[in-house]
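*Asks:* Need a 3D model of the sequence below.
(chains A and B)
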2 protein chains.
Amino acid sequence: MSSERLIYLPLGGAGEIGMNAYVYGYGAPGEERLILVDIGVAFPDMDGTPGVDLILPDTTWLEENADRLEAVFITHAHEDHVGAVAHSYEALGAPIFARAFTANIARRKMAEYGYPDDTVTTASPWPEQVTVGPFKVGFLPISHSIPESAALVIDTPAGRVIHSGDFKLDPTPLVGEAFDPELWAEVSKGGVRALICDSTNVFSPNPGRSELEVGPNIEALVGAATGMVVATTFASNVARVKTLAEAGHRAGRSIVLLGRAMRRMIEAAVETGVLVDFPTVISAEDAQDMPRQNLMLIVTGSQGERRAASAQLARGKYNGLELQEGDLFLFSSKTIPGNEKGVIRIINAFSEKGVDVVDDSTGLYHVSGHANRPDLERMHAIVKPQMLIPMHGEHRHLREHARVAEAGGLQSAVVVNGMMMDLTGNAPTVAAYIETGRTYLDGSVQIGALDGVVRDRIRMALNGHVMVSVILDEDDEPLGEPWCEIMGLAETGSSRTPLAEILEEDLSQFMGRAGDKTLTDDDALEEGLRRIVRQTTQNEIGKKPEVTVVISRLG
Amino acid sequence: MSSERLIYLPLGGAGEIGMNAYVYGYGAPGEERLILVDIGVAFPDMDGTPGVDLILPDTTWLEENADRLEAVFITHAHEDHVGAVAHSYEALGAPIFARAFTANIARRKMAEYGYPDDTVTTASPWPEQVTVGPFKVGFLPISHSIPESAALVIDTPAGRVIHSGDFKLDPTPLVGEAFDPELWAEVSKGGVRALICDSTNVFSPNPGRSELEVGPNIEALVGAATGMVVATTFASNVARVKTLAEAGHRAGRSIVLLGRAMRRMIEAAVETGVLVDFPTVISAEDAQDMPRQNLMLIVTGSQGERRAASAQLARGKYNGLELQEGDLFLFSSKTIPGNEKGVIRIINAFSEKGVDVVDDSTGLYHVSGHANRPDLERMHAIVKPQMLIPMHGEHRHLREHARVAEAGGLQSAVVVNGMMMDLTGNAPTVAAYIETGRTYLDGSVQIGALDGVVRDRIRMALNGHVMVSVILDEDDEPLGEPWCEIMGLAETGSSRTPLAEILEEDLSQFMGRAGDKTLTDDDALEEGLRRIVRQTTQNEIGKKPEVTVVISRLG
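*Replies:* Coordinates of the predicted model:
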């Protein structure tokens, strides 16, 4: 039995913020029984992943070991934790466990892919535990910016591990359970081998603020508004949506929820009983007949997403509603790095309409859902784990969190995706390196990040594209003239003659000069044509385009 | 004479931060003699302008009226003010005036395009004035984050106008002239018709801080460092570069400048005498033989630019130098919105190497070069203009700045690119709307932002590209099979057969079915083939690609 071990292997989320996927295992090396904690997505951008729909963790290793996988546990319903639950189900085939609200959201995702509700099992919170293989897993409530977030208490023959999930230490989260330090101390008092811990806000030096704090500020702002009020936040931040709705309600405004995610989240929260006493909501249609000073819209799109409600309102009418001079738009949210341009675009569009925009620069209208550095230190002190493994962070976050842990006397290690750690000893040690990466959901198919598909798209976007078609007859002699189509390139350059014409002329000369050896060899011919296209285009317009050559041979 | 008027027309920089270009005119309507203040660039990004090299203001209106253009005045040497000076010279053909340091930089740009040094005239600072047409223009020194920034005092028959340029109110800027409130009051005391004023930091509520403040902080940080120290800032911030170099020098370190812009800016500052007593600099080559604790590198790339020195050091060796565990990297800079991802990428790469990164989150190591709201109010109070026109800002900045001005009792207006304002009356009024926009430098040619070239590139990046080639014989009958080449699309989809094969099969069937009416009509045939490609690709992989069809007819 002494050869059995406890392993931890992040496949996503360690070394990045997004697409969380953490494997725990227990057993003889190579035969450990496994559980997966979270299976999330990350979001694409034009910079590195143009045209991609979603980014998923590469779970190849887990698929190859699917026979050892006992179950999947979802800590909470944020997309970076639950978003890939349906996409990965066929390949992993393991039962899924989550608390009621999270399970509700997960089942909606499963249903979209045609899977029945019973693929997801609703788990009760701690002290209940789910037994799978050598593991007993309990959902320990913790406050976060979404209802029913849970840490996982994972009991193994090698001791207790706590996987924090995303969390903050909020005594008054408004919706969902408050952080309960006594309960956490109680759970930890028998000794915790390892705390695998959220690192997102490790660089924030002050203690985190409670969700309760923003209420009065929002109420004062909405109370003083004279036109229509529109507020945006993450739809999943049900407590914030409630705070916003109540502020509107108290100011005598009817509440309208705009955006699919907004309505779906509130529906899930009501269905599962986590949200009660939500003010009455009216439809966008009914709102059109009401005086604008009696309306409060709560809308999706806090990150400036082009197709969300906020961006559509910035551009014009949405669901028959339109903002105008004197209205107020509130970002009750923080802009995630990388989304600044989209958010600023919206603010400027509203500015052109004369709408007053209030953002979080004052700190009055938003609080973070993650534990700041002093909160992390407090959590370390409550749990007193033998080792602290930072997760849910970019490399800089993990490194800093490990430093904080070590400064507090804990064993720690910077563990990034693909590092299989043995947690059985006194300190974490590397057991193996597993290949990990990213998979792209692109349209309806999954492609590997290194397949070259997206790389080709980026190249076309940077360099433009020239297509060349040549035809050769039965005797390998050119038939007619080469034909060029250009896409994404200037039509004329230094010669002031259409680029396509100049290319065709140069290609035609090349074909005329080319000997049998070139004309009979597709590769040589293609290479020759490509070289001409790139050279001529460089001379004409100073760019070296991507080139596709089609050689048609008759007979 | 009463029909003559004073006009102001921003062609770039009003409604955006970047590519500044402001026209002033005086004379009978439609016959005003003109001057241009600044001719800058903006920088492209993957989001909206993939593959573009530079974004220039569309100066079509000015080119059409080039015979009325007396001169171009450059306020300072930042790229968004001087960057397009060479690209626009041929079309505008007007003499260029600037102070010595700015002129030095401008001449370097002109030389790259083959223009002689005398295209740029060095102007002395206020109280000297350059007389061009009905204008007398003086360069009034003002502090900013680059040496010899100047406001322009533009005297016209309709009174004095002050164009602030970019500025802050710094009593101790270290390099270049301090802000001199007495001089400004003196210049303004005869009455100022209009102050056209920088709006960048109007949302910053506290008074701006002096360049002097960062010195001791940087000195403390560098003094305590034990490994190699690397610092990045904008190369043009010569005062900061000097502060960094002096901190290194005092800590017994030899200074190395890395990056072309860094060396060029320091060279220009020394040549023009604005920089004196700069510590001795050693070459990267010599630095390789020195103990790392005796080195301080000052490098380009504060915005995370992929090809700049900081990004190259993050990836590995640069000029033979490489960072390692225990070294320190300092961002003595602010990240411009939109550049966050690039900067964070670098921080994480250094984190992986064990390099400690210090950024500006504490506010200790950087101060802004722009006037904050209280500074703007102070400037308004010193100049006491009849009207205040906000410039150098996005719409939100201009609107807020106009509010601040109006709250202070000044006439104001939100004037964006293309609005020709008549400043002759008591308040600014709109005289005309001029078409403006952006021009892209793409390779070696300029293309219009609305030409569709970049739009096509974005579409290829989002949707992928399929190229189809079909051949028809003398009788308009298909010859051989249709041929497909795909680029930027998954190779296989739902049928598990290569997409290209499936496309060719479907296209072949279509050609077989197609009647004479389609086969003899290129447009109909192309449309039919395109439809099949999009349908089949949608079915197979869930994407609708861009399609290029080449139809070759023999005989």
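
*Asks:* residues touching the closest residue to chain B within the stretch 451-555 of chain A, list them.
*Replies:* At 3.0 Å from chain B, A:G542 is the closest residue in the stretch 451-555 of chain A, using CB to the nearest CB. Quick note: C-beta positions are derived from backbone N, CA and C, even for glycine. Shown in contact with A:G542 (CB atoms under 8 Å, 6 or more residues apart in numbering or on different chains): A:493, B:442-445.

*Asks:* if you set the cut-off to 10 Å instead, what comes out?
*Replies:* By CB atoms under 10 Å, 6 or more residues apart in numbering or on different chains, A:G542 lies in contact with A:490, A:493-494, B:53, B:441-445.

*Asks:* Pull out the buried residues from those residues.
*Replies:* Buried residues within the contacts of A:G542, counting neighbours by 16 or more other CB atoms under 10 Å in any protein chain shown: A:490, A:493, B:53, B:441-443, B:445.

*Asks:* contacting residues around the nearest residue to A:Y89 once chain neighbours are set aside?
*Replies:* Nearest residue to A:Y89, sequence neighbours excluded (CB to CB, 6 or more residues apart in numbering or on different chains): A:Y115, at 6.1 Å. A:Y115 sits next to A:85-86, A:89-90, A:96, A:106-107, A:109 when contact means CB under 10 Å, 6+ apart.

*Asks:* Flag every residue of the stretch 251-400 of chain A that's near chain B.
*Replies:* Residues of the stretch 251-400 of chain A found near chain B (CB under 10 Å from any CB of the partner chain) are A:335-345, A:347-354, A:356-357, A:359, A:361-362, A:393-400.

*Asks:* if we go to 8 Å?
*Replies:* Counting by CB under 8 Å from any CB of the partner chain, the stretch 251-400 of chain A comes close to chain B at A:337-338, A:340-341, A:344, A:347-348, A:351-352, A:357, A:361, A:394-396, A:399.

*Asks:* For those residues, work out which two are farthest apart.
*Replies:* Between any two of those, the greatest separation by CB to CB is 43.3 Å, found for A:E352 and A:R399.

*Asks:* Send me stretch A:32-44 as PDB with only the CA atoms.
*Replies:* What follows is stretch A:32-44, C-alpha atoms only, in PDB (Å, rounded to 0.1, in the frame of the first residue of the first chain):
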ATOM      1  CA  GLU A  32      -4.600   6.100  -9.900                       C
ATOM      2  CA  ARG A  33      -8.300   6.400  -9.800                       C
ATOM      3  CA  LEU A  34      -9.100   9.900 -11.000                       C
ATOM      4  CA  ILE A  35     -11.600  12.700 -10.500                       C
ATOM      5  CA  LEU A  36     -11.800  15.900 -12.500                       C
ATOM      6  CA  VAL A  37     -12.600  19.200 -10.900                       C
ATOM      7  CA  ASP A  38     -14.200  21.700 -13.300                       C
ATOM      8  CA  ILE A  39     -14.200  21.700 -17.000                       C
ATOM      9  CA  GLY A  40     -14.300  25.300 -18.300                       C
ATOM     10  CA  VAL A  41     -13.700  27.300 -21.400                       C
ATOM     11  CA  ALA A  42     -11.700  30.400 -22.200                       C
ATOM     12  CA  PHE A  43     -12.700  33.000 -24.700                       C
ATOM     13  CA  PRO A  44     -11.100  33.700 -28.100                       C
END
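
*Asks:* Is that stretch in proximity to chain B?
*Replies:* No - judged by CB under 8 Å from any CB, stretch A:32-44 stays clear of chain B, getting no closer than 10.3 Å.

*Asks:* ok, back up a step: now that we have the residues of the stretch 251-400 of chain A next to chain B, which of them are buried?
*Replies:* A:338, A:340-341, A:344, A:347-348, A:351, A:357, A:394-396, A:399.

*Asks:* my guess is A:Q538 meets A:V547, correct?
*Replies:* No - using CB atoms under 8 Å as the test, A:Q538 is too far from A:V547 to be in contact (11.8 Å).

*Asks:* who's more crowded, these two?
*Replies:* Neighbours per residue (other CB atoms under 10 Å in any protein chain shown) separate A:Q538 from A:V547, with A:V547 holding more: 21 against 15.

*Asks:* Check the secondary structure at A:I389 for me.
*Replies:* Classification of A:I389 using DSSP: H, G, I helix; E, B strand; the rest coil returns strand.

*Asks:* So what's the residue count around it?
*Replies:* 30.

*Asks:* returning to what we had before: list the ones among the buried ones among the residues of the stretch 251-400 of chain A next to chain B that fall in strands.
*Replies:* Counting by DSSP state E, those place A:357, A:394 in strands.

*Asks:* So which of the buried ones among the residues of the stretch 251-400 of chain A next to chain B belong to helices?
*Replies:* Among these, the residues falling in helices (DSSP state H) are A:340-341, A:344, A:347-348, A:351, A:395-396, A:399.

*Asks:* on that earlier part again, separation between the residue nearest to A:Y89 and B:K353?
*Replies:* Applying CB to CB, to the nearest Å, the value for A:Y115 to B:K353 is 44 Å.

*Asks:* same question, A:L140
*Replies:* Going from A:L140 to B:K353 by CB to CB gives 37 Å.

*Asks:* Neighbour count: the two, which is higher?
*Replies:* Between A:L140 and B:K353, counting by other CB under 10 Å, A:L140 is the more crowded of the two (22 against 17).

*Asks:* Contact partners for the residue nearest to A:G13 when sequence neighbours are not counted?
*Replies:* Excluding the flanking residues, the one nearest A:G13 by CB to CB, 6+ apart is A:N20, at 3.4 Å. A:N20 makes contacts with A:12-13, A:37-40, A:57, A:80-81, A:391-392, as judged by CB under 8 Å, 6+ apart.

*Asks:* would you turn these into JSON lines with pLDDT?
*Replies:* Formatted as JSON lines, the contacts of A:N20 follow (pLDDT from 0 to 100):
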{"residue": "A:G12", "pLDDT": "98"}
{"residue": "A:G13", "pLDDT": "97"}
{"residue": "A:V37", "pLDDT": "98"}
{"residue": "A:D38", "pLDDT": "98"}
{"residue": "A:I39", "pLDDT": "98"}
{"residue": "A:G40", "pLDDT": "98"}
{"residue": "A:P57", "pLDDT": "97"}
{"residue": "A:D80", "pLDDT": "98"}
{"residue": "A:H81", "pLDDT": "98"}
{"residue": "A:M391", "pLDDT": "98"}
{"residue": "A:H392", "pLDDT": "98"}
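
*Asks:* so, if you compare those, which one comes nearest to B:E481?
*Replies:* Using CB to CB, A:P57 comes nearest to B:E481 of the contacts of A:N20, at 40.7 Å.

*Asks:* got a pLDDT number for A:M1?
*Replies:* Model confidence at A:M1, expressed as pLDDT, equals 46.

*Asks:* And the strands in the stretch 101-250 of chain A?
*Replies:* Using DSSP state E, counting those that start in this stretch, the strands found in the stretch 101-250 of chain A span residues A:120-122, A:130-132, A:135-141, A:150-156, A:159-163, A:192-198, A:229-232.

*Asks:* Nearest to B:V274 among the ones you listed would be which one?
*Replies:* In this view, the strands of the stretch 101-250 of chain A are compared for proximity to B:V274 by CB to CB, and strand A:229-232 is the closest at 47.2 Å.

*Asks:* Relative to that closest one, what are the paired strands and their orientations?
*Replies:* strand A:295-299 (parallel), strand A:328-331 (parallel) (DSSP bridges).

*Asks:* quick one: the last one to chain centroid distance?
*Replies:* Looking back up the chat, that one is strand A:328-331. Its chain's C-alpha centre and that of strand A:328-331 lie 24 Å apart, by CA atoms, centre = their mean, to the nearest Å.

*Asks:* just the first one next, same as before
*Replies:* For strand A:295-299, the gap between its own C-alpha mean and the chain's C-alpha mean amounts to 25 Å (CA atoms, centre = their mean).
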